[in-house]
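Student: prediction below, plus the sequence it came from.
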Amino acid sequence: MPISGNEIRHNAIKFSCEWAGVKSERAERQTFWREFFEVFGLKRRFFATFEEPVSGANVLHLSPDRIPQFQFAVPPRALMACFAEFASAILEQIDTLENQMENLRRTRDLLLPRLLSGQVNLHES
């Protein structure tokens, strides 16, 4: 049964508060995605029904004949717009931080060998 927009909003706020201090979602990737989809009232069991093992392998694939069996809740446009506005600032910050991290990596990779070889002296400044 689809959940209401108010429930999604409540779940999203709770989710964002719980994950606010997390430094790396990758470390808890499965937990992160499970809890993210729970914001919308979707459980892991729901996604497991899309997957089935390929004969003789451990690879899962989406079975196309199962797709028509599922109903998906589509939120009202106003709620989607509200979420897009909220999420866009977060996504923009993620991009900015990723760019800063890449710049810091390049700077480290440039300066560290020079520091270790003695080409750069910290006491020169």
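Tutor: On my side now, so go ahead.
Student: where's residue 112, which helix or strand?
Tutor: helix 77-117 (DSSP states H and E).
Student: tell me which other helices or strands that helix touches.
Tutor: With contacts taken as 3 or more CB pairs under 8 Å, 6 or more residues apart in numbering; DSSP states H and E, helix 77-117 sits against helix 5-18. All C-beta atoms are positioned from the backbone trio N, CA, C, and that covers glycine.
Student: tilt between the helix holding residue 112 and helix 5-18?
Tutor: Interaxial angle of helix 77-117 relative to helix 5-18 (axes from the mean of the first three to the mean of the last three CA atoms, to 10 degrees): 10 degrees.
Student: chain center to helix 77-117, what's the gap?
Tutor: Distance of helix 77-117 from the chain centroid (CA atoms, centre = their mean, to the nearest Å) equals 14 Å.
Student: ditto for stretch 109-125
Tutor: 37 Å.
Student: average model confidence for it?
Tutor: Mean per-residue pLDDT for stretch 109-125: 84.
Student: so the chain: which segments form each domain?
Tutor: The chain breaks down by automatic domain parsing into domains covering 1-73, 76-125.
Student: how about the ones you listed in TSV, adding mean neighbour count?
Tutor: Formatted as TSV, those follow (neighbours: other CB atoms under 10 Å):
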stretch	mean neighbour count
domain 1-73	11
domain 76-125	10
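Student: which one of these has the poorest average confidence?
Tutor: Of all the domains of the chain, domain 1-73 has the smallest average pLDDT, which comes to a mean of 71.
Student: residue 121 belongs to a helix?
Tutor: No. Assessed with DSSP: H, G, I helix; E, B strand; the rest coil, residue 121 is coil; it does not lie in a helix.
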